[in-house]
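Trainee: Just the structure for this:
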Amino acid sequence: MMYIARILYPVEVLGPGKRIGIWFDGCEHHCRGCSNPELWEQQERYRAEAGAVLEMIRMIAGENPVDGFTLTGGDPFLQPEALGELLDPLREISEDILVYTGYLAEDLKKRYPELLARIAVLIDGPYMEARNHALPLIGSDNQRIIYLKEGYRERYAPILAQETSRIQNFRVRDGIISVGIHRPDYAQQLKDAAQRKGLTIDE
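Mentor: Numbering: from 1, shown residues only. Purely as a prediction, here's the structure:
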């Protein structure tokens, strides 16, 4: 069993190309200003069998081009067994697997070397709101982009050359999910824009 909150496609702001984004549910870092605080606590509604998750991913990949995967959350490494169940099947579709984690790479290398061996790119470190400069791919400038597979450095260069991060909105059954590296004042800007249009955004 695993806790997976959402699967979105095509995610184009968290890595190069059209990617399948997988959001793990559960995180113990609880960083101030986190863009997904609703995914801190593991919820039973997000509990799923690995087979069901992979079936959905294979269905998307069977009908669309997939340039890679971005695994975020939550924190994928809070569920190392679940992460391990997914990595090899995902690599059969694309070996470009980018994983976001609030843990440090040095600690993960000691605890989960077999998982890191199957990941292409790791972005590590806790999010620090005061150090959010809307840079491409990273939430705050203390975080590191680590090429576990050196061959992917050139592939990621164009997106990192952008001056600022980009945001992508997905319409889902119960609203809109905003994906990407948001500025610290993004939530207030969104509320202000909605208010100007006579709309109210629930907390």
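Trainee: Pull the distance from stretch 174-182 to the chain's centre.
Mentor: Centroid displacement of stretch 174-182 relative to its chain, using CA atoms, centre = their mean, to the nearest Å, is 12 Å.
Trainee: where's Met59, which helix or strand?
Mentor: Secondary structure assigned from DSSP states H and E places Met59 in helix 50-63.
Trainee: any weak-confidence spans in this protein?
Mentor: In the prediction, the chain carries residues with pLDDT under 70 at positions 185-203.
Trainee: and the next element down the chain from the helix holding Met59?
Mentor: Past helix 50-63, the next helix or strand by DSSP H and E is strand 68-72.
Trainee: elements contacting the strand ranked longest in the chain?
Mentor: Longest strand in the chain by number of residues, with DSSP state E as the criterion: strand 2-11. With contacts defined as 3 or more CB pairs under 8 Å, 6 or more residues apart in numbering; DSSP states H and E, strand 2-11 has these neighbours: strand 19-24, strand 47-48, helix 50-63, helix 80-93, strand 167-172, strand 175-180. Where you see a C-beta, it was placed from the backbone N, CA and C, and this is true even at glycine.
Trainee: quick check: angle from the helix holding Met59 to strand 2-11?
Mentor: 10 degrees (axes from the mean of the first three to the mean of the last three CA atoms, to 10 degrees).
Trainee: Pull out the CA atoms of helix 50-63 and give them to me as PDB.
Mentor: C-alpha atoms of helix 50-63 as PDB (Å, rounded to 0.1, in the frame of the first residue of the first chain):
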ATOM      1  CA  ALA A  50       0.700   0.000  -6.200                       C
ATOM      2  CA  GLY A  51      -1.000  -1.900  -9.000                       C
ATOM      3  CA  ALA A  52      -3.800   0.600  -9.300                       C
ATOM      4  CA  VAL A  53      -1.300   3.500  -9.300                       C
ATOM      5  CA  LEU A  54       0.800   1.900 -12.000                       C
ATOM      6  CA  GLU A  55      -2.300   1.000 -14.100                       C
ATOM      7  CA  MET A  56      -3.200   4.700 -14.200                       C
ATOM      8  CA  ILE A  57       0.300   5.700 -15.100                       C
ATOM      9  CA  ARG A  58       0.500   3.100 -17.900                       C
ATOM     10  CA  MET A  59      -2.800   4.300 -19.200                       C
ATOM     11  CA  ILE A  60      -1.600   7.800 -19.500                       C
ATOM     12  CA  ALA A  61       1.700   6.700 -21.000                       C
ATOM     13  CA  GLY A  62      -0.100   4.500 -23.500                       C
ATOM     14  CA  GLU A  63      -2.000   7.400 -24.900                       C
END
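Trainee: Tell me which residues are up against it.
Mentor: 1-2, 4, 7, 9, 20, 22, 66, 82, 85-86, 89-90, 93 (CB atoms under 8 Å, 6 or more residues apart in numbering).
Trainee: Among the residues you listed, filter down to the buried ones and hand me the ChimeraX syntax, if you would.
Mentor: In ChimeraX syntax, the buried subset of these is picked out as below (16 or more other CB atoms under 10 Å):
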select :2,4,7,9,20,22,66,82,85,86,90,93
